[in-house]
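[1] Attaching a predicted model along with its sequence, questions to come.
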Amino acid sequence: MTEAIAAEPDVVVPLLGTLVPPAGPELLLVRVDAGEFTMGSDAAPDEQPVHRHAMPRGFWIARDPITWAQYLAFCEATSRRPPPRPRWGTPADHPVVGVTHADARAYAAWIGARLPREPEWEKAARGDDGRAYPWGDAAPHDDRANDRGVTWTHPIFGTEARNGTCAIDTPTADVAPCGARHLATVINEWTDESYEADRHQRHARGDFSPPREDASAPRVVRGTSYEGPAAFARAACRLQWDADASGSHLGFRVVVDDGDVRVADVHRGAPCERVVLPLHSLWRAQQAVAAGDGETALAAAHAALARQPELVLAHQLVAQAHAALGQRAEAVAAWLAYLARCPDNGSAHAVAATSLHVLGRPSLAADALAVTLAQEPGHGKAAFNRLVALWTAGRNHEAAATASAMLERGDNPVVKLLRALSRFELEGGAAAALDDLGPYVAANPDDSAARNILGDVLAALGREHEACAAWTEAIALVDGVLAEAPDDATLHARRAYALLALGREREALVHAERATASDGADALAWRGLGRARLSLGDRSGALAALDRAQAMEPERIDVAFDRARALAACDRAAAARMTLQRVCAASARLQRLAAADAWLRPLL
C-alpha cells in the first residue's frame, strides 16, 4: 500500500513505519509520496527561482531527528567516538548534536538508510501545497531575544528564552504534511549533498541532476535550530556547512528509499498511530544472523540486494551470514565488497576489521583500521586493534613502530607487551623485547601466556636456566586455574606450549589433544597439537593438525613456520620452501631457528 490512510473523511493520517537498527531504539518513518512539488523561494538568491520539481519516486523519512539513544548505541556497537557532550547533556530522547557529515552518513549506512537529498528534505517539509513552513504559511515573529542574541517567537518554546534542544515528543506546531516533526525548529540538519549556489537555476533549465560529489565542498544544511533565527525556519532556506564541522545545533535524520520498504501491517486510527513497516528482507537477515541461521540470513540479504545493490547494510549481512555458515573465504570477499561500497566510512571499516581479524585476515583488518584512523586519529580502540592486527599478520616493523608511537602518547603495559612481541621477531630484537616484557610480567604475575613468551625471549638470549624457570612458572599458573576450568582450551594450549619447551613431549600431547577437543575452532590449540605430534615422530598427523591451524590463521607466521617444518618432514620440500620464504621475510628470529633446524636448513 502506498497511499496515506484516511481515518475519517477529510482527515489524512500519516503512514508510519518502523526501521529496526542493529542496536539501539527503533526509528519511526513517515511516507512521502512521489510527484511534483514547489521548490525554492524569492527570499534569497540561492533559493531562486521558485520552480516545480519532479519527484519520480516516493521515499520514507525519519519522523524525528536521530536521538542520542539511537546514535550512542551505534557508537558502542561500532567503536565510533561519540560527539562532544553539549552543555545540557545527552538526554536519550533529545536529538543528537555535534555530529559531522561523516558521522551522520556512517550512522545512516549502518542502519541501511542514507541522508536525505536536498529536494527530499524540502518536499517532506512543504508537502504538495507550496507552504512556506512545515506547519503552514504563518511566519514566526522576531519579538524576543534569547541569550544568543537571536530574536523570535519559537514554534515550540514561544517567547521563552531557550538555548538547547528538546525531547522529540515535545508538543510542537512544527509538523509537516507527511507527519515529520521538528524539521525547522530544533536543530539544523545535514543533507547528503554538496552545496551548489546555482542549483535552482539548473532546475529551472530542466537539469535536475544532483550536485557533483565533492569531498572538499560544503554540505547543504536545512532547517533552523533552537538558536534561530526565524528566517532559517523557512522550508526553502538553504544553509551550507563544511563537512567536517560540527556544533551543538547540528544533527540529522535519515531517509529510506521506497523500494526498500514493504507494508507488513496497516491500521486505521488517529494521527501518529504506529504502523509496523519493517525493511522486510533486512529485518529477516538481521534476525537470522542473531540466531546463527546463516542460510536464512544469506537468502534474505541477497533478496534485499536484488532490489537495491547499493544497500550497504545488506552487504554487511551477507558477510555475517557466510561467517555463520563457516564459509571463511566467502565471508572475507563479502566484507571487502561491503568496504568497496563505503570506502571513506571509517566506522564501517572498524566494523569490518573486527570480523576480518576473526576470519584470519589480520593484514586486511589492519588496512581497514588505517582508514578509520585517517578519519579519527584519536580513536584509541581502533589504534590498539590495528596494532594487534599488524603483529598477528607478521608486519613486525610496522607493529613495533606503531607501538612506539602509541607509547610516546602515554604508558600502556599491554602496548609494551605487543611491542615486545614485535621486537622479538626483528634482527637483534630479543634484548629490546626483554626490556618491555620484564616490567609487564612483573606487573601481571598471573599472566601465564606472558611467562611462556618470557621463556622464549630468555632462551633466545642464551639464558636457558631462567627460560626453564619461566616455562615452569607458566605451568604452575595454568595449573592453579585449571582446577576451576578443566575444559578451558586456552589453558590446555598454554600448558602444552610450556611442556614442549621443557622437552616433555608426551605430556604436551595430552594437553594439546584436550585443547582441540574443548575448542575445535582454536587455531593455536591445533598448532600445539601439530608441534607435539611432530616432536613424537607423527609427521602426517602433525601436518594434518597444522593444516587446520593455518586454515584458521593463514597469516600467522609462527603457525606457518611450524607447518613448514611438518611439510619438510613429510618430504614436501617445494611447499615447505615456499612457506618458509614468507616466514623468513617477516621474522629474523624464525629465520635463525630455521637455520638451526635439520629439516629446514637445506631449504634456505
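    Good, I have the coordinates. Numbers count the residues shown, from 1 in each chain.

[2] okay, CA-based contacts and neighbour counts for the rest of this
    Will do.

[3] list the helices and strands whichever strand or helix holds Arg423 packs on?
    Element membership for Arg423, per DSSP states H and E: helix 413-424. Counting contacts by 3 or more CA pairs under 8 Å, 6 or more residues apart in numbering; DSSP states H and E, helix 413-424 packs against helix 380-392, helix 396-408, helix 430-443.

[4] most packed of the ones you listed?
    Most buried of these, by mean neighbour count (mean count of other CA atoms under 10 Å): helix 380-392, with a mean of 22.

[5] and that helix, what does it pack onto?
    helix 362-375, helix 396-408, helix 413-424.

[6] can you put these in JSON lines and add mean pLDDT?
    Below are those laid out as JSON lines (pLDDT from 0 to 100):
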{"stretch": "helix 362-375", "mean pLDDT": "92"}
{"stretch": "helix 396-408", "mean pLDDT": "94"}
{"stretch": "helix 413-424", "mean pLDDT": "93"}
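
[7] Those: which one's closest to Ser347?
    Closest approach to Ser347 among those is made by helix 362-375 (6.4 Å; CA to CA).

[8] buried stuff in the closest one?
    Within helix 362-375, the residues that count as buried by 16 or more other CA atoms under 10 Å are Pro362, Ser363, Leu364, Ala365, Ala366, Ala368, Leu369, Ala370, Val371, Thr372, Leu373, Gln375.

[9] Now for these: which two are most distant?
    Pairwise distances among the buried residues of helix 362-375 were taken by CA to CA; the largest, 20.2 Å, belongs to Pro362 and Gln375.

[10] Same list as before, the helices and strands packed on helix 380-392 that is, but in JSON lines and with distance to Ala470 included.
    Formatted as JSON lines, the helices and strands packed on helix 380-392 follow (distance: least, CA to CA, whole Å):
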{"stretch": "helix 362-375", "distance to Ala470": "29"}
{"stretch": "helix 396-408", "distance to Ala470": "24"}
{"stretch": "helix 413-424", "distance to Ala470": "16"}
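
[11] Any idea which of those helices gets closest to Ala544?
    Among the helices and strands packed on helix 380-392, helix 362-375 sits nearest to Ala544 (CA to CA), with 23.1 Å.

[12] re earlier: just the closest of the buried residues of helix 362-375 to Arg463, please.
    Nearest to Arg463 out of those is Pro362 (CA to CA; 32.7 Å).

[13] Show the contacting residues for that closest one.
    Ala353, Leu356, Ala389, Leu390, Thr392, Ala393, Glu555 (CA atoms under 8 Å, 6 or more residues apart in numbering).

[14] rewinding a little: who wins for proximity to Ala489 among the helices and strands packed on helix 413-424?
    Ala489 lies closest, by CA to CA, to one member of the helices and strands packed on helix 413-424: helix 380-392, at 19.8 Å.

[15] Need the nearest residue in space to Leu183, chain neighbours excluded.
    Spatial nearest neighbour of Leu183, excluding adjacent residues (CA to CA, 6 or more residues apart in numbering): Gly223 at 6.0 Å.

[16] The residue nearest to Thr579 when sequence neighbours are not counted: which element?
    Closest residue to Thr579 apart from its sequence neighbours, by CA to CA, 6+ apart: Ala564 at 5.9 Å. For Ala564, the element it lies in under DSSP H and E is helix 557-569.

[17] Give the buried residues for that helix.
    Neighbour-count burial for helix 557-569, with 16+ other CA under 10 Å as criterion, is recorded at 557-569.

[18] How far does the next helix or strand after it sit from its chain's centre?
    Per DSSP H and E, the first helix or strand lying C-terminal to helix 557-569 is helix 573-586. Relative to its parent chain, helix 573-586 has a centroid offset of 35 Å by CA atoms, centre = their mean, to the nearest Å.

[19] so what pLDDT did Ser225 get?
    If you check Ser225, the pLDDT there is 83.

[20] do Asp10 as well
    31.

[21] Could I get the full set of strands for the stretch 201-350 of the chain?
    With DSSP state E, counting those that start in this stretch as the criterion, the stretch 201-350 of the chain has strands at 219-222, 239-241, 250-251, 255-257.

[22] Tabulate those strands (TSV), appending mean pLDDT.
    What follows is the strands of the stretch 201-350 of the chain, written out as TSV (pLDDT from 0 to 100):
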stretch	mean pLDDT
strand 219-222	95
strand 239-241	92
strand 250-251	96
strand 255-257	86
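
[23] Could you dump the ones you listed into a markdown table with distance to Ala575 added?
    Output for these, formatted as a markdown table (distance: least, CA to CA, whole Å):
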| stretch | distance to Ala575 |
| --- | --- |
| strand 219-222 | 55 |
| strand 239-241 | 58 |
| strand 250-251 | 57 |
| strand 255-257 | 52 |
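
[24] now for those strands, which one comes closest to Leu529?
    Of all the strands of the stretch 201-350 of the chain, strand 255-257 comes closest under CA to CA, at 51.5 Å.

[25] Remind me what the closest one packs against, helices and strands.
    The contact analysis (3+ CA pairs under 8 Å, 6+ apart) places strand 255-257 against strand 59-62.

[26] burial count for Phe232?
    Look at Phe232: counted by other CA atoms under 10 Å, it has 18 neighbours.

[27] burial measure for the nearest residue to it once chain neighbours are set aside, as a count.
    Leaving aside its sequence neighbours, Phe232 sits nearest to Thr224 (CA to CA, 6+ apart; 5.0 Å). A count of nearby residues for Thr224, using other CA under 10 Å, gives 27.

[28] so Thr224 sits right up against Asn188, yeah?
    Yes - look at Thr224 against Asn188 with CA atoms under 8 Å: they come within range, at 5.0 Å.

[29] Which residue, other than its chain neighbours, is closest to Leu603?
    Closest to Leu603 by CA to CA, 6+ apart is Arg577, at 5.7 Å.

[30] meant to ask about Pro413
    Spatial nearest neighbour of Pro413, excluding adjacent residues (CA to CA, 6+ apart): Tyr440 at 5.9 Å.

[31] Next up, the contacts around that neighbour.
    Counted by CA under 8 Å, 6+ apart, Tyr440 has contacts Pro413, Val414, Lys416, Leu417.

[32] Among these, which one sits closest to Ala306?
    For the contacts of Tyr440, the nearest to Ala306 is Val414 (45.3 Å; CA to CA).
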